[in-house]
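S.K.: Need coordinates for the following:
(one chain, ligands or ions: 1)
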Amino acid sequence: MPTYAPPTVTFVRGRGSELWDDAGRRYLDFLSGLAVTSLGHAHPVVADAICAQANTLLHVSNLFATVPGPQLALTIDRLLGGGGQVFLCNSGAEANECAIKLARRWAGRGRHGLVSAYGSFHGRTLGALAATGQPTKHEAFQPLPEGFRYAAWNDLDDLARQMDPTLVGAVLLEPVQGEGGVLPADPGYLQGVRRLCDERGILLMIDEIQTGLGRTGRWWGFEHAGIQPDVVTSAKALANGVPIGACWARADVAAAFAPGDHGSTFGGQPLACAAALATLGVMESEDVPARAAAAGARITSALATMPGVTAVRGPGLLIGVELTPDVLAAQGGAKGVQMGLLDQGLVVNAVTPTALRLAPPLLVSDDEIDEAVTIIGKVLQ
Ligand code: PLP
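M.R.: Numbers count the residues shown, from 1 in each chain. Okay, here's the model as predicted:
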């Protein structure tokens, strides 16, 4: 169906930070499938785990227990500090749907309201779309589920006005608005949100689908603010490219669900969970948050002074590069620059009409960074 713009390149193979198209041309992948292949393409540990699990057990349904699912849930819980429970699903939108339903169950009838931020992105299914604070994305699909309200990004006073505790059970925020243009939350903002949620008995739910698992230089984006959420959603990089999603909640919050309240045929199935366990194992042994912090600093300092760039945003390896009006006018906006970079063998994306998004694999090498920076410099010139 015509849901995506016609593709410009057909990729047939990848290894680490490199991709090859169907004509044999090599590219550097500084997008990672939109922050998914954080360990790079064809990582041997993940590939071996997928092969081994495919030769052992793919699926039996959630009527029965399997081994990798509970192991993965325990690992995610440990990475989030413990004391929680996990629902496993197949995508980011599904992880957020789980969070939205859990919040409604926890808060009870009448307090089903959910506040999110303008400019946010939480997915394309109807609940996640309603939580996405972009009215233009809503228009064609009205009526959406009721109860969703929005506050200006990074504006605590506006959020406080929306957080009526008689109507609202949860707040859902990204630590860095990814699709919105790589716009980090101020640490003081998230700390203020935590305080307001505590005072008013409202759940703080953090969408870590793009920011989690080392991408921002910490395991989780909310750690930059030193807060602890009540609910966390994860997906994208969790199995390095195999579809999976997870919704974590503090155990007393998760206890609001009863058998039959939620489910998924494929959620928690052994193949995706084995891939995720292998991915998290490599992430821990390689200390990917530290790698992302160091690599991010190298890219950011190289781009900050580059002609054609007005600002570089975002922690770790989720980087927004704002371009000058001159470059935008000469090259047909950020989209034109994206196409120019692709032409020179560098994959990135235009996250807004004026900014590029860079999200390379977290194991990217210094040589690959320097190669990408050289290409960007050449194209912006
Ligand atoms: N939440 C955030 C922050 C995202 O960036 C995305 C996807 O870009 C989603 C949710 C939706 O994830 P998915 O496309 O896997 O449904």
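
S.K.: neighbours around the residue in the stretch 1-150 of the chain that the ligand sits nearest to, how many?
M.R.: Residue nearest to the ligand within the stretch 1-150 of the chain: G92 (2.2 Å; C-beta to the nearest ligand atom). To be clear about C-beta, it is placed using only N, CA and C from the backbone, and glycine gets the same treatment. One way to gauge burial is a neighbour count; for G92, by other C-beta atoms under 10 Å, it gives 28.

S.K.: could you pull out the helices for the stretch 251-381 of the chain?
M.R.: For the stretch 251-381 of the chain, the helices defined by DSSP state H, counting those that start in this stretch cover 251-254, 270-285, 288-304, 325-331, 333-343, 366-380.

S.K.: will you turn those into JSON lines that also has mean pLDDT?
M.R.: Supplementary listing: the helices of the stretch 251-381 of the chain in JSON lines, determined by pLDDT from 0 to 100:
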{"stretch": "helix 251-254", "mean pLDDT": "98"}
{"stretch": "helix 270-285", "mean pLDDT": "98"}
{"stretch": "helix 288-304", "mean pLDDT": "98"}
{"stretch": "helix 325-331", "mean pLDDT": "98"}
{"stretch": "helix 333-343", "mean pLDDT": "98"}
{"stretch": "helix 366-380", "mean pLDDT": "98"}
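
S.K.: can you tell which of those is closest to the ligand?
M.R.: Once C-beta to the nearest ligand atom is applied to these, the stretch that comes out nearest is helix 270-285, at 12.6 Å.

S.K.: Who are the packing partners of the closest one?
M.R.: Using 3 or more C-beta pairs under 8 Å, 6 or more residues apart in numbering; DSSP states H and E, the elements in contact with helix 270-285 are helix 44-54, helix 68-79.

S.K.: Apply 10 Å and report the result again.
M.R.: helix 44-54, helix 68-79, strand 84-89, strand 245-250, helix 288-304 (3 or more C-beta pairs under 10 Å, 6 or more residues apart in numbering; DSSP states H and E).

S.K.: most tightly surrounded among those?
M.R.: strand 245-250 (a mean of 26; mean count of other C-beta atoms under 10 Å).

S.K.: Direction included, what does that strand pair against?
M.R.: Using DSSP bridges, the strands paired with strand 245-250 are strand 84-89 (antiparallel), strand 231-234 (antiparallel).

S.K.: The last one and the ligand, are they touching?
M.R.: No. Applying C-beta under 6 Å from any ligand atom, one finds strand 231-234 separated from the ligand by no less than 7.1 Å.

S.K.: Equivalent analysis for stretch 38-55, please.
M.R.: No. If you take C-beta under 6 Å from any ligand atom as the test, stretch 38-55 misses the ligand, and the best it gets is 13.6 Å.

S.K.: chain center to that stretch, what's the gap?
M.R.: Counting by C-alpha atoms, centre = their mean, to the nearest Å, stretch 38-55 is centred 21 Å from the centre of its parent chain.

S.K.: Over to stretch 105-113?
M.R.: For stretch 105-113, the separation from the chain centroid amounts to 26 Å (computed by C-alpha atoms, centre = their mean).

S.K.: and the end-to-end length of that stretch?
M.R.: From the first residue to the last, stretch 105-113 extends over 12 Å; the measure is C-alpha to C-alpha, to the nearest Å.

S.K.: Stretch 107-119 now?
M.R.: For stretch 107-119, the first-to-last residue distance is 25 Å (C-alpha to C-alpha).

S.K.: Any buried residues in it, and which?
M.R.: By neighbour count with 16 or more other C-beta atoms under 10 Å, stretch 107-119 contains the buried residues A107, R111, H112, G113, L114, V115, S116, A117, Y118, G119.

S.K.: Which of the residues you listed fall in helices?
M.R.: A107 (DSSP state H).

S.K.: Please list the residues of this protein that sit near the ligand.
M.R.: 34, 91-93, 96, 121-123, 174, 178-179, 207, 209-210, 235.

S.K.: Can you name the residues that contact the nearest residue to P315 once chain neighbours are set aside?
M.R.: Leaving aside its sequence neighbours, P315 sits nearest to T216 (C-beta to C-beta, 6 or more residues apart in numbering; 4.4 Å). Taking C-beta atoms under 10 Å, 6 or more residues apart in numbering, we find T216 in contact with 175-176, 184, 208, 210, 222-224, 289, 292-293, 296, 314-318.

S.K.: Just the element for A170, please.
M.R.: When elements are defined using DSSP states H and E, A170 is found to belong to strand 168-173.

S.K.: Tell me the helices and strands packed up against that strand.
M.R.: For strand 168-173, the packing partners by 3+ C-beta pairs under 10 Å, 6+ apart are helix 92-107, strand 113-117, helix 126-131, strand 148-151, helix 156-162, helix 187-200, strand 203-207, strand 231-234.

S.K.: Next, report how far stretch 294-311 is displaced from the centre of its chain.
M.R.: Relative to its parent chain, stretch 294-311 has a centroid offset of 22 Å by C-alpha atoms, centre = their mean.

S.K.: quick one: average confidence on stretch 31-47?
M.R.: Averaged across stretch 31-47, pLDDT comes to 98.
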